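# need a structure here:
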Amino acid sequence: MVGAILISLALAAAIAIFARRTFLLYRLVRLGQPVNRFEDLPKRIELESTVVLGQRKLLQRTVPWLMHDFFFWGF
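Numbers count the residues shown, from 1 in each chain. Alright, predicted model coming up:
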């Protein structure tokens, strides 16, 4: 009986923490300004392909770059 009460309290605390964090993140996202994501679409696609697929930012540091590439290209 005591175990069930402790699990229920832990579950209630986890739900409360999750709800609070979700609300804070929602408020943070709502602070942003609207953006036209289809403006200059070819340039945006080129930039995304070099940053995401090319991993351009990781090339600045050798060890994190190698470790990340093994995981990234392995998947």
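
# and the residue nearest the centre of the chain, what element?
A centroid search over the chain (Cα atoms, centre = their mean) returns L25, at 11.7 Å, as the residue closest to the centre. Using DSSP states H and E, L25 sits within helix 2-30.

# Let me know the average pLDDT across that helix.
Mean pLDDT, helix 2-30: 96.

# again with stretch 56-66
For stretch 56-66, the mean pLDDT works out to 77.

# how far does that stretch stretch from start to finish?
End-to-end distance for stretch 56-66, by Cα to Cα, to the nearest Å: 12 Å.

# for stretch 51-65, same thing?
End residues of stretch 51-65 are separated by 13 Å (Cα to Cα).

# what's near enough to touch the residue nearest to the centre of the chain?
Listed by Cβ atoms under 8 Å, 6 or more residues apart in numbering, the contact set of L25 is empty. Any C-beta I mention is one placed from the backbone N, CA and C, and that applies to glycine too.

# How many residues are close by T62?
T62 sits with 9 neighbouring residues when counted by other Cβ atoms under 10 Å.

# my bad, H68
Neighbourhood size, H68 [other Cβ under 10 Å]: 14.

# What strand or helix carries it?
In this assignment (DSSP H and E), H68 forms part of helix 62-74.

# mind giving me the domain split of this protein?
Domain segmentation of the chain under automatic domain parsing yields 1-32, 35-75.

# and the first one, how far from the chain's centre?
Put plainly, it is domain 1-32. Chain-centre distance of domain 1-32: 19 Å, with Cα atoms, centre = their mean, to the nearest Å.

# cool, the last one as well?
Using Cα atoms, centre = their mean, the mean C-alpha position of domain 35-75 is found 15 Å from that of the whole chain.
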